[in-house]
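Peer 1: Sequence isn't available, so here's the structure alone:
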């Protein structure tokens, strides 16, 4: 399924808890609640794949601080997925840098 970038961005925002918590708070059930089982499951599959690709970065091993880590991870991810908007990459970077402080 092909998602529009703004729709996917909304789903990722909900998934990571941006704007509701001061730290990432992954909640897959929120996608099902908002979009229904069928569409929510499709969003979830896409988001899991993108998050997995984002976390393949080696930024944790190379960066001097979390800001640099986030920038490096975003750059690597955007090379893999140039079709994905910057905001989605930033949301994954928020999770990644929090997980790797």
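Peer 2: Perfect, thanks for sending it. None of the values given here were measured: they were computed from a predicted structure.
Peer 1: What pLDDT does the model give residue 101?
Peer 2: At residue 101, the pLDDT value in this model is 84.
Peer 1: Pull up the gap between the closest residue to it other than its chain neighbours and residue 59, please.
Peer 2: Spatial nearest neighbour of residue 101, chain neighbours left out: residue 66 (6.2 Å); criterion: Cβ to Cβ, 6 or more residues apart in numbering. All C-beta spots, glycine's among them, are computed from the backbone N, C-alpha and C. Using Cβ to Cβ, to the nearest Å, residue 66 is found at 10 Å from residue 59.
Peer 1: of those two, who's got more company?
Peer 2: Counted by other Cβ atoms under 10 Å, residue 66 and residue 59 do not tie: residue 59 has more neighbours, with 23 against 16.
Peer 1: wait, doesn't residue 55 sit right on residue 96?
Peer 2: Yes. Between residue 55 and residue 96 there is a contact under Cβ atoms under 8 Å: 6.3 Å.
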